[in-house]
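Peer 1: dropping a prediction and its sequence here:
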Amino acid sequence: MTGRAEQARGGTGAKTSGATGGTNDRPRQTSGMAGGTSGATVDSSGAYGPVQRKEDARFIRGKGLFVDDIQLPGMLHGAILRSPLAHARILSIDTAAAQAHPRVEAVITGQTLAARNLSWMPTLSQDVQAVLATDKVRFQGQEVAFVIAQDRYSARDALELINVDYEPLPAVIDARHALDPDAPVIRDDVAGRSDNHIFDWTAGDRAATDKVFAAADVVVASDMIYPRSHPAPLETCGAVADLDQITGKLTVWSTTQAPHAHRTLYALVAGLPEHKIRIISPDIGGGFGNKVPIYPGYICAIVGSMVTGKPVKWVEDRSENLMSTSFARDYHMHGEIAATRAGRILGIRARVLADHGAFNGAAQPTKFPAGFFGIFTGSYDLQAAHCEVTGVYTNKAPGGVAYSCSFRITEAVYLVERMVDALARELDMDAAELRMKNLLRPEQFPYTCPTGWQYDSGDYPRALRLAMDIADYPGLRREQAERRQRGEYMGIGISFFTEGVGAGPRNQMDILGLGMADGADLRVHPTGKAVLSISCQTQGQGHETTFAQIVAQELGLSPDDIDVVHGDTDRTPFGLGTYGSRSTPVSGAAAAVVARKVRERARIVASAMLEVAPDDLDWVDGSWQVRGDPEQARSIAEIAMAAHSSLELPEGVDGHLDAETVYNPPNLTYPFGAYICVTDVDPGTGEVRIRRFIAVDDCGVRINPMIVEGQVHGGLADGVGMALMQVIAFDSDGNCLGGSFMDYLLPTAVECPSWELGATVTPSPHHPIGAKGIGESATVGSPAAIVNSVLDALAPFGVRHADMPLTPANVWCAIQGRPLRTDLAIT
Amino acid sequence: MQIAVNVNGTEYSREVEPRLLLIHFLRDDLGLTGSHWGCDTSNCGACVVWLDDTPVKSCTVLAAMADGHRVRTVEGLEQNGELDPIQVGFRQCHGLQCGFCTPGMMLTARWLLDHYPDPSPTQIREALSGQICRCTGYENIVRSVRWAAEYEAAGRLGDSEAALDRPT
């Protein structure tokens, strides 16, 4: 039974009506398709297609290896004591009773770390963050002490034995008051700092934008909050640190999306020699950006291993994860859009107040303090745009980018898509018609937007038309009108998004000075089996499968013939890791390029085997073939064996086909999509039900359409959570009100509809295989569609805006004319 | 205290603290790390195992409560070297991504099909509504369970070949 069952074709795609396909490797050719199910139209001659995942064999048997699964002989367990207060001076820390606990081996405080110059660490945004607090605590949940015990329960017990004397200080919770003259100064650790200001950042041309606005027929303005949320991967963050006392080698298994960057940072921060540090990112139970930064717990585990001479495991609990690790969003936005009375959009401008918490721990490229928010002009043909973003400190957990947001493009897309809907309302024009009128046209690509981003390729009207066809948009509008007659409130919401993913060109993008390129090594064994080592790694995206497909496609091999090594700095080339949807655009490109290098080396060997000049060989059907003589051909496997044999090799090949490369992307890739959400709102309870969600995505060439669709599904569910359920709110004392899954509500199977997907394929012209990133598209694009849909349903009540999450209480209050301030418990 | 628990058909006798959670007993004492811990508050379901014949969230069951009972974990789904159709379904239909929620999802799904062999997508969603997946958006999990249901239905009719070819 089992064998046959495993070989059977997957039966996905029951409800997809505009499905994917067309995975050719000719980047300049575009193709649009509708109909069929997942993979039905895929070219079966290549290695691309909906092949099942290699990773699944271990996961379905419960044989994955996650950080908390690691057990080492003599391993100790760490636990962190955290601040109960949002802002307080530490007067004293008494650890004597904890140290006297019979199963406790060590207690580490900020003083312990200070002796090693480790009580502060750099963040990914040129700030510093306390590892264990020495002077003050600056958010509820901040790390104060670290207990190391013989088992995890004893470590927790001993936390109760530590006495910390705090002097409470007034806290800054509402970002709008962070810059008030009398606001308490949070970061008095920085000499000379007298306020809570972090940065001002602008993009676009203010004068040109003001001119466009002054001349416009219509200007619509709206204030909106993209509230603080948390990616909440199901596996929390953790690490196992093991310092070998004899060799001096430090091995750290940790929940990291960027093992190489972490290794370098540990070396720089701790003064450890980098070749003596090995970071292993084993199976990761979801990342979503939460696992990009280095957290105090990792440092504590490492120091714990140094202090005790034994391996130390630290795994945070769920409350620790939600209250102290990188949050997302927290953008307070004022948007304005200018247009002609006929519905021609002329310009857009925005002012943003960005709440970065107590330490600026945002993980984003150095030159972009507001991430890629500058892409807020969206998918439209505008004359001018301008935005300004001000970042401030508050007494909340640090962070500011995490959660599948493509470096703030989530916020940017939400802003522009809400503004376009607000404009449609003002003009009394259909939201789809207004978008169709203003979308960039295919002939405008490559297109440089008013804030300077160069979109690589796109056919936007085609994607929107396909989404409208799948939805039967005119039919939905008719139904909506009929229902309104009956007093039923149905909403139809649209979002059209342009993403920019694959950071990035190293002359423009770096993280703490490390250019955002990625490496790949490819070894081809004598029998033609290959091992690809990559610098990014999977947290569920299926790299072991798709990267094997990329190489297989280039070399005429089966994906089964290629193993992908990832997530271990001793076994893989340097690179910046997996986040911002960058794996396929950067590392995937590296995989294709290194495979092509191998192919060229194989050509030289094949020329010796076939006794012809290399130029007389053509690559046809996975073999090097003598031009005009198809019988004279050699496969990669045959060539690999010859390369290792006694065959006299020509210049340029020394005895194998192996190659390595570093890929420095020339530009981001710009996936896009058209989403339509249909909701039903109960005005009596404020409850929102998502009836349908249609998502047409264009991510260029699809390596594995099954996996692409899975990425979209997951992002859509994220959108449901953010739009309707999830928020990390605070009370006026800075108590986090979203500190467990009892309070921080994530969507389950009953809140999510059966997604209806469609695809168009517009290859990236600069990516080696024409692919673009897809991991975050749906998270970026879906919240605006859902909010637009709910507000469309509420139009008869005169509701023009309400902030996420649109919980029943918030929707009901909006209907009553007084929408809630969702980021604060007390308004 | 001394407890004796039958896990996946094997008897284990261990000295444990009375407060030890079943999930930690399984993972740390027995080394069965397929069941995962995710939230502490019975919300996420990553820790779902069977206690006797019922799915439970093992983060809120004491190991002591399993004394004298049977526990089935993901490691016990595969029988005699053959994958359970639920496991095959998850693989066939891309019902997992990071794999962290997968063991709990599969154990609840196995229970569902044992009691309701032909569940509708809505029934599947309701059955799994106490469990959270952050990756898949649930659609492919629903398809995975339907795949297994159809496979098993065809198997009962002696027509397993047809089950494999049937679109879902």
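Peer 2: Right, received. Where do you want to start? Numbers count the residues shown, from 1 in each chain, chains lettered A, B, ... in the order given.

Peer 1: point out where the stretch 701-827 of chain A drops to low pLDDT.
Peer 2: Along the stretch 701-827 of chain A, the parts satisfying pLDDT under 70 run over A:826-827.

Peer 1: in chain B, which residue sits closest to chain A?
Peer 2: B:Gly34 (2.0 Å; C-beta to the nearest C-beta). Glycine gets a C-beta too; all of them are placed from N, C-alpha and C.

Peer 1: may I have the phi/psi pair for the residue lying closest to that residue once chain neighbours are set aside?
Peer 2: Sequence neighbours aside, A:Gly62 is the residue nearest to B:Gly34 in space, at 2.0 Å (criterion: C-beta to C-beta, 6 or more residues apart in numbering or on different chains). Here is the backbone geometry of A:Gly62 (degrees, to the nearest 10): phi 70, psi 30.

Peer 1: quick one on the thing from earlier: so the residue of chain B closest to chain A touches B:Pro103, yeah?
Peer 2: Yes: counting by C-beta atoms under 8 Å, B:Gly34 touches B:Pro103, with 5.0 Å between them.

Peer 1: these two: which is more packed in?
Peer 2: B:Pro103 (29 against 26; other C-beta atoms under 10 Å in any protein chain shown).

Peer 1: need the contact list for that one.
Peer 2: A:Gly62, B:Gly34, B:Ser35, B:His36, B:Ala46, B:Val48, B:Thr73, B:Val74 (C-beta atoms under 8 Å, 6 or more residues apart in numbering or on different chains).

Peer 1: what do you get for A:Phe547?
Peer 2: A:Leu532, A:Ile534, A:Ile562, A:Val564, A:His566, A:Ser587, A:Gly588, A:Ala591.

Peer 1: ok but A:Arg571 is inside a helix, no?
Peer 2: No: according to DSSP: H, G, I helix; E, B strand; the rest coil, A:Arg571 belongs to no helix; its state is coil.

Peer 1: ok, it to A:Leu65 distance?
Peer 2: Counting by C-beta to C-beta, to the nearest Å, the gap from A:Arg571 to A:Leu65 is 15 Å.

Peer 1: which one is the residue positioned nearest the centre of chain B nearest to, not counting chain neighbours?
Peer 2: Compute the mean C-alpha point of chain B, and by C-alpha atoms, centre = their mean the closest residue is B:Leu107, 1.5 Å away. Nearest non-adjacent residue to B:Leu107, counting by C-beta to C-beta, 6+ apart: B:Val48, 5.1 Å away.

Peer 1: in the sheet, who's paired with that neighbour?
Peer 2: B:Lys57 (DSSP bridges).

Peer 1: tally of neighbours for it?
Peer 2: 27.

Peer 1: OK, contacts around it?
Peer 2: B:Ser35, B:Pro55, B:Val56, B:Lys57, B:Ser58, B:Pro103, B:Gly104, B:Met105, B:Leu107, B:Thr108, B:Gln131.

Peer 1: show me where the stretch 151-300 of chain A has helices.
Peer 2: With DSSP state H, counting those that start in this stretch, the ranges of helices along the stretch 151-300 of chain A come out as A:152-159, A:206-215, A:259-270, A:296-308.

Peer 1: which of those has the lowest mean pLDDT?
Peer 2: Here the lowest mean pLDDT among the helices of the stretch 151-300 of chain A goes to helix A:259-270, at a mean of 94.

Peer 1: how about the nearest residue to A:Pro573, chain neighbours excluded?
Peer 2: Computed as C-beta to C-beta, 6+ apart, the closest residue to A:Pro573 that is not its neighbour in sequence is A:Gly519, at 3.1 Å.

Peer 1: keeping just the C-alphas, turn the helix or strand the one you found falls within into PDB.
Peer 2: Assigning secondary structure by DSSP states H and E places A:Gly519 in strand A:518-524. The C-alpha trace of strand A:518-524 is given here as PDB (Å, rounded to 0.1, in the frame of the first residue of the first chain):
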ATOM      1  CA  ASP A 518      24.600  34.600  -1.600                       C
ATOM      2  CA  GLY A 519      27.000  31.800  -2.400                       C
ATOM      3  CA  ALA A 520      26.500  28.300  -3.800                       C
ATOM      4  CA  ASP A 521      28.900  25.300  -4.200                       C
ATOM      5  CA  LEU A 522      28.000  22.400  -6.400                       C
ATOM      6  CA  ARG A 523      29.900  19.100  -6.300                       C
ATOM      7  CA  VAL A 524      29.200  16.500  -8.900                       C
END
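
Peer 1: helices or strands next to it in the packing?
Peer 2: Strand A:518-524 makes packing contacts with strand A:530-534, helix A:589-610, strand A:659-663 when contacts are defined by 3 or more C-beta pairs under 8 Å, 6 or more residues apart in numbering or on different chains; DSSP states H and E.
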